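> have a look; sequence and predicted model below, questions after that.
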Amino acid sequence: MPAILRPRALRPGDLVVVTAPSGQLEPGEEPLLARGVAMLERMGFRVRVSPMVDPARTRWWASGTPAEQAGELNALLRDREVRAVVAHTGGQATIGYLDLIDLDAIRADPKPILGYSDISLLHMALHARTGLVGFHADIATHGFGGDWYTLGDEARRSELVDLYTRVLTKAEAPGALPGMGAWETWRPGRAQGPLFGGLLNRLVLLQATPFALPAERFDGAVLFWEEVQRPVSRIWNDLQTLRLSGVLDRIAGMVVGIPTEVAPYEGGGGRAELREVVLDVLGRRDIPVLAQVDFGHTSPNLPLPIGVRADVDADNRTLSLIEPAVAEG
């Protein structure tokens, strides 16, 4: 079982590379990408955009073949000048090259990898194999370049810039994460444990591979997840899969993000909302459940570092990072 592997803390002026580890850049998204780069520069970093982030680079639903995507990522992992890697978007391609990633390069020079959606599968797989703290955080194009502008005012953007900068550059516990919307208590209580999670359907997909985090690694953990474009019946099935795999019997708490296009069930058996489905699967498990937290496909994402201990207080509706996500270099 690998020990937690914290990336080296970033410094002002460090090089951050925006790349395409999953989906390609779609035609017309160039302005969003430019705004995303500007936001990363506002955090104090130098930014380079990978040649993979190009509308001309496409292979079906991805930015390249699995070998090409792994080659690009491995080159960034091995490059000592590159201090962080940011996904420009999500997609559905990372599972194709998990077995091609240079894990020794990660162990030799751990660096932050940022992204959500399909990238959460990459975070969990790399943590399972190396202990790397990956960052379930915003993507460059539709996150830093999109949601940060369309869903947040300048005060909120400044707050998020400060938060991301502290999480990535300070080897200290970031403390309470600042929510924007109204978080909800779906089940009361309080718990502390390492953060594991991401896009729910990707977590379940990973369970079928040798790169899955073993069930025992979830002992005392805080499981966070979000979902997009799924009916609640599919979510019920995916949560049941985690139950049968032993995950739900081991976790100490659950944090649910903001669902996107998640349709309630309406049929002969009555109506079922997401909250009811979650509590139905949890059954008698007495764990806190905090919901509608600012992460997912609909809002600027709060950074959630994989493997870092968090405090979830569903009674007071707070989520705090109680350990540093990075280490002094």
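Happy to help now that I have it.
> can you pull the contacts of G64?
G64 is in contact with 20, 52, 57-58, 72, counting by C-beta atoms under 8 Å, 6 or more residues apart in numbering. The C-beta positions use only the backbone N, C-alpha and C, and glycine is treated the same way.
> check H88 too.
The neighbours of H88, taking C-beta under 8 Å, 6+ apart as the test, are 18-20, 25, 33, 36, 49, 53, 139-141.
> on that earlier part again, dump the contacts of G64 into a markdown table; add secondary structure and pLDDT as well.
Below are these laid out as a markdown table (DSSP: H, G, I helix; E, B strand; the rest coil; pLDDT from 0 to 100):
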| residue | secondary structure | pLDDT |
| --- | --- | --- |
| A20 | coil | 98 |
| M52 | coil | 94 |
| R57 | coil | 90 |
| T58 | coil | 90 |
| E72 | helix | 97 |
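> just checking, what packs against the longest helix belonging to the chain?
Secondary structure of the chain per DSSP state H: the longest helix is helix 154-169. Helix 154-169 makes packing contacts with helix 30-42, helix 148-150 when contacts are defined by 3 or more C-beta pairs under 8 Å, 6 or more residues apart in numbering; DSSP states H and E.
> distance check, E261 against D311.
Counting by C-beta to C-beta, to the nearest Å, the separation of E261 from D311 is 31 Å.
> re earlier: contacts for the longest helix of the chain?
With C-beta under 8 Å, 6+ apart as the criterion, helix 154-169 contacts 9-12, 39, 42-44, 84, 112, 135, 137, 148-149, 152, 174, 177-178, 180, 300, 302-303, 305, 321, 325-326.
> now that helix: how far from the chain's centre is it?
Put simply, helix 154-169 sits 17 Å off its chain's centre (C-alpha atoms, centre = their mean, to the nearest Å).
> and if you look at stretch 42-55?
On C-alpha atoms, centre = their mean, the centre of stretch 42-55 falls 19 Å from that of its chain.
> helices of the stretch 51-200 of the chain, residue ranges please.
Using DSSP state H, counting those that start in this stretch, the helices assigned to the stretch 51-200 of the chain run over residues 66-78, 103-108, 119-130, 148-150, 154-169, 200-207.
> nearest residue to K111 in space, please, no chain neighbours.
Using C-beta to C-beta, 6 or more residues apart in numbering and skipping residues adjacent in sequence, the residue nearest K111 is P7, 4.9 Å away.
> returning to what we had before: so which of E261 and D311 has more stuff around it?
Remark: of E261 and D311, D311 carries more neighbours, 18 against 11, as counted by other C-beta atoms under 10 Å.
> any idea how far I322 is from that one?
Distance from D311 to I322, by C-beta to C-beta: 5 Å.
> what is in contact with these two at once?
Q192.
> related to what we said a few turns ago, out of the contacts of G64, who's nearest A291?
The shortest approach to A291 among these belongs to A20, at 31.6 Å (C-beta to C-beta).
> what sits against the closest one?
Neighbours of A20 in contact, by C-beta under 8 Å, 6+ apart: 50, 52-53, 57, 63-64, 69, 72, 87-89.
> so how far is L76 from the closest residue in space to T130 that isn't next to it in sequence?
Spatially, and ignoring its direct neighbours in sequence, T130 is nearest to I106 (4.9 Å; C-beta to C-beta, 6+ apart). Counting by C-beta to C-beta, the separation of I106 from L76 is 11 Å.
> centre of the chain to the longest strand anywhere in the chain, how far?
Longest strand in the chain by number of residues (criterion: DSSP state E): strand 190-199. For strand 190-199, the separation from the chain centroid amounts to 12 Å (computed by C-alpha atoms, centre = their mean).
> got the angle between the longest helix of the chain and helix 30-42?
Angle of helix 154-169 versus helix 30-42, following axes from the mean of the first three to the mean of the last three C-alpha atoms, to 10 degrees, is 60 degrees.
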